[in-house]
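**Student:** Everything below, folded, please.
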Amino acid sequence: MEEPRICLGNDDAWLELARIGAGSWQITADWSSWLTADFTADLSAAEVVDFVARMLSHLRAPSGGRFSAAVTPGRNNPLTLKAEPVGDGFAFSVRLTPNGDDDVCHLQMEIDPIATLELREAFNALQAALVV
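**Tutor:** The predicted structure is shown next:
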């Protein structure tokens, strides 16, 4: 069985969150092959399930406004998504911090707008894979 994963973006800029084992997730991002990040993060299933639920709550009943969701609420948060409404979807500003909440070591990039329906489908698929 394939491990749960989600990939957001296109060939120019993308982000992937993929479970590689119990409590271990690979976070990979690429911006036009010029700027990349690829690291392992210790995340519990509960943290990822909660993150997905928060994302889906914003996507199921879009308010038309901005929102933000971090994978973990604490200091060691490796991934934060900030969503900006654009047309019928959202553009994302991604902040990755491989070593926790460390202002020295982080990557920020933008992902072009993704249709809300496509985002809901991607997060619903991740949620379904996590609850199996």
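**Student:** Now do the worst-scoring helix or strand of the chain on mean pLDDT: which elements does it pack against?
**Tutor:** Lowest mean confidence among the helices and strands of the chain (mean pLDDT, DSSP states H and E): strand 35-42, at a mean of 90. In terms of contacts (3 or more CB pairs under 8 Å, 6 or more residues apart in numbering; DSSP states H and E), strand 35-42 is packed against strand 24-31, strand 107-115. The C-beta positions use only the backbone N, C-alpha and C, and glycine is treated the same way.
**Student:** That one pairs with which strands?
**Tutor:** The partner list of strand 35-42 in its sheet, established with DSSP bridges, is strand 24-31 (antiparallel).
**Student:** starting at the chain centroid, how far to the partner strand?
**Tutor:** Using CA atoms, centre = their mean, to the nearest Å, we find the averaged C-alpha position of strand 24-31 to lie 9 Å away from the chain's own average C-alpha position.
**Student:** Now that strand: buried residues?
**Tutor:** Of all the residues in strand 24-31, those buried under the rule 16 or more other CB atoms under 10 Å are 25-31.
**Student:** Now these in JSON lines, please, with extra columns for distance to G89 and pLDDT.
**Tutor:** Below are the buried residues of strand 24-31 laid out as JSON lines (distance: CB to CB, whole Å; pLDDT from 0 to 100):
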{"residue": "W25", "distance to G89": "25", "pLDDT": "95"}
{"residue": "Q26", "distance to G89": "26", "pLDDT": "95"}
{"residue": "I27", "distance to G89": "22", "pLDDT": "94"}
{"residue": "T28", "distance to G89": "22", "pLDDT": "94"}
{"residue": "A29", "distance to G89": "19", "pLDDT": "94"}
{"residue": "D30", "distance to G89": "20", "pLDDT": "94"}
{"residue": "W31", "distance to G89": "19", "pLDDT": "91"}
